[in-house]
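> have a look at this prediction, sequence included:
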Amino acid sequence: MTKNGADAVPTSSHAHPLVDLDSISHTKQRIKDGLATRRPWRVMFDFHSMVLPRGVSDAFSRIKTNLAYFRSNYAIFVLTVVFFSLIWHPTSLIVFTVLVFVWIFLYFLRDEPLKMFRFQIDDPTVLMVLSVITVVLLLCTNATFNIIGALVTGAVLVLIHAVVRKTEDLFLDEEATTT
């Protein structure tokens with residue numbers, strides 16, 4: 001055995017090239033941080049906050065606020081509805097699974113804003129582009145009826161929730177988390 005410990009067993013997390021514990025730990029943290037933009041489901045489905053709007057302007061105001069506030073939750077919900085509609089279409093399900101990974105890395109797990117050609121792309125734009133790409137690619141898999149039905153069902157359920165979920169307490173939650 002040498003004095004400088006050259007014969008010692010390596011203890012670095014990079015000792016085995018196939019298992020990089022630092023990368024796994026970083027990925028787990030990015031998943032947690034990415035899902036942090038999602039609002040708690042118990043806040044979203046707080047039955048004490050479900051009240052019919054007072055008028056059309058109140059309904060439109062609620063839709064605008066709730067769509068912005070629960071954006072990630074609504075995306076997860078609609079993607080889940082589309083997933084269940086594709087169970088009997090294996091090709092579409094494979095395409096959808098690949099697209100879900102694209103969604104995870106480009107929308108849910110980003111640490112910083114997405115930049116393309118020196119331009120910063122905001123979250124609503126990324127959401128819209130990913131939605132269009134998802135729909136177009138899935139429509140190319142010959143499951144058109146299922147996809148359209150799932151998207152309409154998801155959109156109707158999201159709009160119903162956005163209309164009946166009052167918004168007065170949502171701003172209080174945002175202020176409480178920033179202080």
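Arrived safely, thanks for sending.

> residue boundaries of the strands in the protein?
Listed in chain order, the strands of the chain (DSSP state E) span 114-116, 119-121.

> quickly, which of those bottoms out on average pLDDT?
Among the strands of the chain, strand 114-116 carries the lowest mean pLDDT, at a mean of 79.

> follow-up on the earlier one: tabulate the strands of the chain (a markdown table), appending distance to T91 and mean neighbour count.
Backbone N, C-alpha and C define where each C-beta goes, glycine included. Output for these, formatted as a markdown table (distance: least, CB to CB, whole Å; neighbours: other CB atoms under 10 Å):
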| stretch | distance to T91 | mean neighbour count |
| --- | --- | --- |
| strand 114-116 | 29 | 10 |
| strand 119-121 | 30 | 11 |
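
> which one's the longest helix in this structure?
helix 144-164 (DSSP state H).

> what about it, distance to the chain center?
17 Å (CA atoms, centre = their mean, to the nearest Å).

> buried residues, it. List them.
By neighbour count with 16 or more other CB atoms under 10 Å, helix 144-164 contains the buried residues N146, I147, A150, L151, G154, V158, H161, A162, V163.

> from M128, how far out is the spatially closest residue to the first one that is not a sequence neighbour?
Computed as CB to CB, 6 or more residues apart in numbering, the closest residue to N146 that is not its neighbour in sequence is S85, at 4.4 Å. Separation of S85 from M128 (CB to CB, to the nearest Å): 21 Å.

> dump the residue contacts of the closest residue to L139 other than its chain neighbours.
Of all residues not flanking L139 in the chain, I147 sits nearest, at 6.1 Å (CB to CB, 6+ apart). Neighbour list for I147: V82, S85, L86, S92, V135, L138, L139 [criterion: CB atoms under 8 Å, 6 or more residues apart in numbering].

> let's see it at 7 Å
V82, S85, V135, L138, L139 (CB atoms under 7 Å, 6 or more residues apart in numbering).

> looking at S85 and M128, which is more packed in?
S85 (23 against 10; other CB atoms under 10 Å).

> just for this protein, where's the confidence low?
1-38, 169-179 (pLDDT under 70).

> what segments of it are helices?
All helices of the chain, identified by DSSP H, fall at 21-35, 41-44, 56-69, 71-85, 90-103, 123-139, 144-164, 168-178.
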